[in-house]
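[1] fold the stuff below for me.
(one chain, ligands or ions: 1)
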Amino acid sequence: MKKSTARAFWILTLAALWAAGCATTGVNKGDINLISVDQEIAMGQDFSREIAKTYPMLDDVEVTSYFQRLGERIARSSDWPDLQFHFQVVNTADVNAFAIPGGWVYVHRGLIERADNVSEVACVMAHEIGHVVARHGTETLTKQYGIAIVTQLVLGQNPKLWQKVVADLFTTAGILAYSRKQELEADDLGVRYAYRAGYDPNGMATFFEKLLQLQEREPTLLEVWFSTHPPTSQRIERVRAQIASLQLHPGLVKDDPEFLRVRDRIRAMPAVKTLRESQAKPESQR
Ligand code: ZN
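    Below you'll find the model as predicted:
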């Protein structure tokens, strides 16, 4: 570590230890995170900018404003209700969703097209909001890249590093390679947040069941999902048990006519490939 980087590292560490005393959410009490909340939010800006340069975003006001409203409704029922969340649709055929530190949540177009009702998308978004609230992204970032690199990212000393973090995103070396414990925590939080926001939490279970069926029939749509999420059969059982402990009432939203309209609008757009298909080189160039 260079002298200036070492000094910055200690400043960061001390600042974060101090900040840890005033936990934001209570969800990650007891977990050590050397990155302060303000640093995490600033990093999210840099990170999301690099993602927008790398992956195709669906640029349609009606679609993006719908998912921003849906996401905000869930986020306000989370344990970090005052964080400014940003929701975007990635214009690829993958059935996938992901989140990065600081409140950025991405839903791939293929997931929306395959959802039967709004509760399924709401539950997946709530799971991703759970990753953000529990600050899994920065925990994994530190684990995967080490404190020296993270310090440079926080201080904005080497903007090119974000290119590497984004290139690694859907690999086992990337920040979405969460531990099983983190995934299960995001499931628990997701069910809770979707329910609190007034969505039928059964959408989580029916969506996971759909993934298992899709894995048999159209595995290419799930390559990205399964590279970062563990198998779903035990998760379905856990989620079902959690739902059974909740008071389900008829007011919970499963269907929403506006969702169906937006989904039809997306389905009518020109077809797109999956991320892997669009990255693959034609035979002649291999
Ligand atoms: Zn997850």
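[2] quick one, strands of the stretch 51-200 of the chain?
    Taking DSSP state E, counting those that start in this stretch as the criterion, the stretch 51-200 of the chain contains strands spanning 86-90, 97-100, 104-108.
[3] who in the stretch 101-250 of the chain is up against the ion?
    By CB under 5 Å from the ion, the residues of the stretch 101-250 of the chain that approach the ion are Glu183, Ala186. In this view, the C-beta of every residue, glycine as well, is placed from N, C-alpha and C.
[4] pLDDT below threshold where in the chain?
    1-26, 28-32, 230-231, 281-286 (pLDDT under 70).
[5] so which residue is dead centre in it?
    The chain has Ala99 as the residue nearest its centroid, 2.3 Å off, counting by CA atoms, centre = their mean.
[6] and the gap between it and Glu139?
    13 Å (CB to CB, to the nearest Å).
[7] so what's the residue count around Arg73?
    Counted with other CB atoms under 10 Å, the neighbours of Arg73 add up to 17.
[8] what's near enough to touch it?
    Contact partners of Arg73, counting by CB atoms under 8 Å, 6 or more residues apart in numbering, are Ala197, Gly198.
[9] and it, how far from Asp60?
    Taken as CB to CB, the span from Arg73 to Asp60 is 20 Å.
[10] same deal with Val89?
    Relative to Asp60, Val89 is positioned 8 Å away (CB to CB).
[11] which of the two has more neighbours?
    Neighbour count, other CB under 10 Å: between Val89 and Asp60, Val89 has more, with 24 against 15.
[12] run a quick neighbour tally on the closest residue to that one other than its chain neighbours.
    Nearest residue to Val89, sequence neighbours excluded (CB to CB, 6 or more residues apart in numbering): Leu58, at 4.0 Å. Using other CB under 10 Å, Leu58 has 19 neighbouring residues.
[13] so what's Leu58 up against?
    If a contact means CB under 8 Å, 6+ apart, then Leu58 has Thr64, Gln88, Val89, Val90, Asn91, Arg109, Ile266, Met269 as its contacts.
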